[in-house]
Every structure is written in C-alpha cells, then in structure tokens.
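>>> Fold the following, please.
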Amino acid sequence: MNTRDQSPNICVVGSTNMDLIARVPRLPKLGETLQGHSFHLVYGGKGANQAVTAARLGARVSMVARVGNDVFGQGMLDNFKQQGIDTGYVTVDGTKSSGVAPIFVDDEAHNVIVIVPGANGALSPADVQAARDTILAASVVVCQLEVPIETTLETFRIAKSKGVRTILNPAPAAILPDELLALTDICAPNETETEYLTGRSVQTLADVESAARDLIARGLQVVIVTLGDRGVLYVDSETAMHVPAIKVNAVDPTGAGDAFIGGLAVFLGAGFTMHDAIQRANAVAALSVTRLGAQVSFPTRAEFEAFWLSIAGVGRVS
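I've put the predicted structure just below:
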C-alpha cells in the first residue's frame, strides 16, 4: 500500500525579491550612461523560489514573509496566489520597500548585482510567532539566511518544539549560532557556502566530505552539499553518499539550488526515503536548468513525473 502524501504541507519562512534585470553590451564605467538591450522583471528571492518549487510540485505551501506597500509587493502577492501559495502570513510593510535586486548582465554573461533587502530585513520573530500554528502543521519547514537570523532561529524553535522537520539553506553564507545548528535537521549549503562555513577548500568529493564532517561535529545531524553538475553529497555521523547529477542540456542554472531545496522538502514531506528524495530533487533541479529563468523554469508535478519516467526508463536513476 502506498502511504505517501502526494500533497505534503510545506512552510517556507524567508525572502521574496523582485529582480530587475538589464541586459547591456558591457558593464558601464563609473558615471557612464549606457543603452541596454532589454529589461526584465523576474520574481526571485531564495525563500520565494523554494516555495514556488514546492507548490508547482503539488505541495500545500504556506509562505511567511514581508513585502513593501508598493507595486513590487503587490506583484509578489499576486504571484504567490497564482502559484497556489497561502499568503496569510505575508505581511505588507508600510515603512520599507519590497526587496529588490537590480542586475546588469553584459554580452559576455558577466554581471553586477545590488541586493536591497527592504522588507525582508524586517521579517521578525513576532511575524513567525504569529504563524506558529501554520509552522506546526507543516511536514517540513524551510529557511534560508536572507532574513534576520533571529527570525530563522525562532522559526526552528517553534518547529522543533513539536518535532517538525527543518531544512536550512545557509545562503548567503553567514556565521551560524550553535543553537541554530542544533535545531536544524538538514543543512543544505552549496560549495561556496560550505567553504565559508568551514574554512576548507572543497575541490574534491573527499574535501567536501571532510568539510561536511566538520559541520556535523559542530552539532548538525545531516549535511547535503549541492555540487552543481557534480550532483550532491549527503553526509551524516555514520555515512556519506554521493548522488550524481542527472545529465541534461543545460541552458540556465539560475535557481537550480532553490529547485533542489524545494523538491527535497516536498519528497521528504511526502514520505520518500532520503536517498529517493535526493534523487528526485536532483531531477527537479536538472529539469529547471533546461529552461531560462528561475521560477518560470521550475517544473509542475506532471512535468516532473514525465521527466522522472523518461530517465528511469534508461537506467539513469534507481
């Protein structure tokens, strides 16, 4: 009998941004006015990306966040609702702008990015406390570090008070309090974040495992390091498991890490084993890089299932 929950409850506490992307022939010099090729408004923020991934995969998703009382904030709210995400605890901040990220990308794919956190920086422990019942009703709670760390801490305190599984994506990398490590069931950094957190180079899989074991020694239970086209490495106190990436014709890697985190939350919440959940999350990330953009590239559940069947049929996953 299949007892897996195809629509687990996922709660994401974190950031939501509007990316303002200007494509230019080259990056401008100081004081220079330059004519660009094109301009795009793209919904982003790691928290929002992970929430949208989970919703598109069929989970029941609640978002705890702050947006500004401006056109971008209204757009973010509308986007969440269109994705089927519960916005009952997305607060409109009357004093701060919505989070934005102006990005200039030149013809050589070099970029400069300015992140203005705005209302993301005002998401508070009180906001999380107001969402206590939603957090406790979740199968999995997901946080990142694009909102104040005390807010992430309070989220995990609430979640672990009733044994709700917690996933921390420590991005952007920051010093992690010991209490946060103790409250985290799964920590999922990328290579750069792993290097920052441990001070170790992670050139080889052996390097990655050693760095992950340093984090385990600090109090984490499970570390899953995302390695781009090398896949992921799972490490706990007893074992290490490398899960290779699924080879695809990559077009744009933007948001792939968030797609993996959102997928991992969904499949763990649905009752899959860790190995199976990681393989499926890998497939979600792989499918996302075959399309341009972040949120617009995340697959629906039907798209994922079709892709999963196609790669299982040729023995690319077990």
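
>>> name the helices or strands packed onto the helix or strand bottoming out on mean pLDDT in the chain?
Every helix and strand of the chain was ranked by mean pLDDT, DSSP states H and E. The lowest is strand 111-113, at a mean of 82. Applying 3 or more CB pairs under 8 Å, 6 or more residues apart in numbering; DSSP states H and E, we find strand 111-113 packed against strand 99-105. The C-beta positions use only the backbone N, C-alpha and C, and glycine is treated the same way.

>>> what's the span of stretch 156-176, first residue to last?
Start-to-end span of stretch 156-176 (CA to CA, to the nearest Å) is 13 Å.

>>> contact partners of stretch 104-117?
Stretch 104-117 has contacts (CB atoms under 8 Å, 6 or more residues apart in numbering) with 15, 17, 21-28, 97, 99-103, 146.

>>> Check stretch 78-88 too.
For stretch 78-88, contacts defined as CB under 8 Å, 6+ apart pick out 16, 43, 48, 51-52, 55-56, 60-63, 77, 90, 131, 134, 295.

>>> ok so, going back, drop anything exposed from the contacts of stretch 104-117.
Neighbour counting with 16 or more other CB atoms under 10 Å marks 15, 17, 21-22, 24, 28, 97, 99-101, 103, 146 as buried within the contacts of stretch 104-117.

>>> In a markdown table: the residues you listed, plus pLDDT.
A markdown table is the format used below for the buried ones among the contacts of stretch 104-117 (pLDDT from 0 to 100):
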| residue | pLDDT |
| --- | --- |
| Ser15 | 96 |
| Asn17 | 95 |
| Ile21 | 86 |
| Ala22 | 89 |
| Val24 | 91 |
| Pro28 | 90 |
| Ser97 | 97 |
| Gly99 | 97 |
| Val100 | 94 |
| Ala101 | 87 |
| Ile103 | 87 |
| Glu146 | 95 |
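
>>> now these in JSON lines, with distance to Ile261?
JSON lines is the format used below for those (distance: CB to CB, whole Å):
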{"residue": "Ser15", "distance to Ile261": "13"}
{"residue": "Asn17", "distance to Ile261": "16"}
{"residue": "Ile21", "distance to Ile261": "22"}
{"residue": "Ala22", "distance to Ile261": "28"}
{"residue": "Val24", "distance to Ile261": "31"}
{"residue": "Pro28", "distance to Ile261": "34"}
{"residue": "Ser97", "distance to Ile261": "26"}
{"residue": "Gly99", "distance to Ile261": "19"}
{"residue": "Val100", "distance to Ile261": "22"}
{"residue": "Ala101", "distance to Ile261": "19"}
{"residue": "Ile103", "distance to Ile261": "21"}
{"residue": "Glu146", "distance to Ile261": "13"}
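
>>> what sits against the residue most central in space within the chain?
The centroid of the chain falls nearest to Asp258 when counting by CA atoms, centre = their mean (3.2 Å). Taking CB under 8 Å, 6+ apart, we find Asp258 in contact with 46, 49-50, 53, 169, 294.

>>> What about the residues you listed, which are in helices?
Taking DSSP state H as the definition of helices, the contacts of Asp258 contribute 46, 49-50, 53.

>>> ok, the residues you listed vs Ser201, which is closest?
Distance to Ser201 across the ones in helices among the contacts of Asp258 (CB to CB) is lowest for Lys46, with 24.5 Å.

>>> Compute the number of surrounding residues for the closest residue to that closest one other than its chain neighbours.
Spatial nearest neighbour of Lys46, excluding adjacent residues (CB to CB, 6 or more residues apart in numbering): Gln144 at 4.4 Å. Using other CB atoms under 10 Å, Gln144 is surrounded by 24 other residues.

>>> surely Gln144 meets Ser15?
Yes: applying CB atoms under 8 Å as the test, Gln144 and Ser15 come out as touching, 6.5 Å apart.

>>> Mind jotting down where the strands sit in this structure?
9-13, 17-23, 38-44, 60-68, 86-93, 99-105, 111-113, 140-143, 165-168, 186-187, 222-226, 232-236, 240-243 (DSSP state E).
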